[in-house]
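**Q** Pasting a predicted model and its sequence here:
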Amino acid sequence: MQAYIVNGVRSKSAKSKIALYQPLTLLDLVVYHRDNADILRIKEVKCLYPYQSIQNDVRKTTIAMFINEIINKTVKDESHSEEVCDFLIRSLITLDHQVKGIDNFHLIFLLKLSRFLGFGAQNKNEVVGGRYATPEMEGMLDTLVVTDYETVIHMPHTLRRELLDLLIRFYTDHIEGLGEIKSVQVLREVMG
């Protein structure tokens, strides 16, 4: 995570428009880098990948909003930053391209991201821990842990909600000060 100053972004003659600086916009930046600087200046900016469907699909927009909140609350340090950045870029581009299997994208994302954060689940037992989980939940976790984004997995809405709650508790156990994930309620409403 890095803070940047952008000069004149709201002026009519600005070289870069404010639309480039919306959450989760994938940018290619040239910056003036200074060691020990908290805020850096941007020299050049261009859109790395213009989204084609995320902004037009309510389900994808809701998932992106959830992903944005999760990233802001979990990705803090610069260890393995290139790998995390590549993962996030690939995930967001996959979400934009994806036509089928969108309903479980956020669950798979949470499992994959946890590996980059250092507490990644390799099997269902690492997620469940000492918590209660039905055999149906455990079976679905076994599938989700090893699947990719494009795999279409059919599951009831109630099971998807229970798994989301379980994964958020899993994150809460491993990330100090995670707090409430406010976009979860919207995600539940839209994704069922």
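**A** Structure received. None of the values given here were measured: they were computed from a predicted structure.
**Q** Residue 178 against residue 72, yeah?
**A** No. In this structure residue 178 lies outside contact range of residue 72 using C-beta atoms under 8 Å: 10.8 Å. C-betas here are computed from N, CA, C, even on glycine.
**Q** More neighbours: which of the two?
**A** Per other C-beta atoms under 10 Å, whichever of residue 178 and residue 72 has more neighbours is residue 178, with 15 against 11.
**Q** Helix, strand, or coil at the more buried one?
**A** Following DSSP: H, G, I helix; E, B strand; the rest coil, we place residue 178 in the coil state.
**Q** mind listing what it touches?
**A** When contacts are counted by C-beta atoms under 8 Å, 6 or more residues apart in numbering, residue 178 is found next to 73-74, 171-172.
**Q** now swap in residue 69 and tell me
**A** The contact partners of residue 69, taken as C-beta under 8 Å, 6+ apart, are 181-183.
**Q** For ChimeraX, what selects the buried ones among the contacts of residue 178?
**A** The following ChimeraX line selects those of the contacts of residue 178 that are buried, judged by 16 or more other C-beta atoms under 10 Å:
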select :74,171
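**Q** Tell me the most packed of the contacts of residue 69, by neighbour count.
**A** residue 183 (18 neighbours).
**Q** wait, isn't it in contact with residue 64?
**A** No. Using C-beta under 8 Å, residue 183 is not in contact with residue 64; the gap is 9.6 Å.
**Q** still on that earlier bit, now go through the contacts of residue 178 and say which are in helices.
**A** Counting by DSSP state H, the part of the contacts of residue 178 found in helices is 73-74, 171-172.
**Q** quick revisit: so which of the contacts of residue 69 would you say is closest to residue 99?
**A** residue 183 (23.0 Å; C-beta to C-beta).
**Q** where's the closest one relative to residue 173, distance?
**A** Residue 183 is 20 Å from residue 173, where distance means C-beta to C-beta, to the nearest Å.
**Q** and what of residue 155?
**A** 23 Å.
**Q** Next up, phi/psi of residue 4, please.
**A** Backbone torsions of residue 4, given as degrees, to the nearest 10, read phi -130, psi 150.
**Q** check contacts around it.
**A** 29, 31, 39-42.
**Q** Dump those into CSV; add neighbour count as well.
**A** Shown next, in CSV, are the contacts of residue 4 (neighbours: other C-beta atoms under 10 Å):
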residue, neighbour count
29, 14
31, 14
39, 9
40, 15
41, 13
42, 19
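**Q** so can I have TSV of those showing secondary structure?
**A** TSV is the format used below for the contacts of residue 4 (three-state DSSP):
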residue	secondary structure
29	strand
31	strand
39	strand
40	strand
41	strand
42	strand
